[in-house]
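Enquirer: got a sequence here, can you model it:
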Amino acid sequence: MFGILIALLSGALMSIQGVFNTQVTKQTDLWVSTGWVQLSAFAVCIAAWLFTGRSSISALLDVSPKYMLLGGVIGAFITVTVIQSMSALGPARSVMLIVISQLIIAYVIELLGMFGVDKQPLEWRKIIGMAVSIVGIIIFKW
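Expert: This is a model prediction of the structure:
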């Protein structure tokens, strides 16, 4: 139950953040807005680290494979693409497409066992669920 609530909170925060970032971009610039998002997130992480135990930063040197450290780089591009999609499509359509894209890519990662994730068997009910989601997006767009 806790995982479900946290996932719902995450989705809500991502939608709100996307709207905020899009509005900041309208008043500044895409890269200024994205930089601010990353810088303010870094400041929050430093503050949280200072108050929650200060585990060793050098542990990052032991992360393997090293490409796993690219999450922040990907995060910058996530911010940019969310801002651009919300600006072009509006929050509702943008988020629907983002979520279905996340679902499809996450399922492919599970099916192929990529990036250290346990490989899962193909389940047609999950494919049907994704197809229903896509049909829902089409209906919503009309």
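
Enquirer: which ones are touching residue 95?
Expert: By Cβ atoms under 8 Å, 6 or more residues apart in numbering, residue 95 lies in contact with 14, 15, 18, 86. Quick note: C-beta positions are derived from backbone N, CA and C, even for glycine.

Enquirer: please redo it, this time with the cut-off set to 7 Å
Expert: Applying Cβ atoms under 7 Å, 6 or more residues apart in numbering, we find residue 95 in contact with residue 15.

Enquirer: any idea how far the helix or strand hosting it is from the chain center?
Expert: Per DSSP states H and E, residue 95 falls inside helix 91-112. Centroid separation for helix 91-112 versus its chain: 10 Å, with Cα atoms, centre = their mean, to the nearest Å.

Enquirer: what comes up buried for that helix?
Expert: 91, 94, 95, 96, 98, 107, 110 (16 or more other Cβ atoms under 10 Å).

Enquirer: and those residues, which is closest to residue 2?
Expert: Proximity of those to residue 2 (Cβ to Cβ) peaks at residue 110, which lies at 21.5 Å.

Enquirer: in space, what's closest to the closest one - neighbours in sequence excluded?
Expert: Leaving aside its chain neighbours, residue 110 sits nearest to residue 120 (4.3 Å; criterion: Cβ to Cβ, 6 or more residues apart in numbering).
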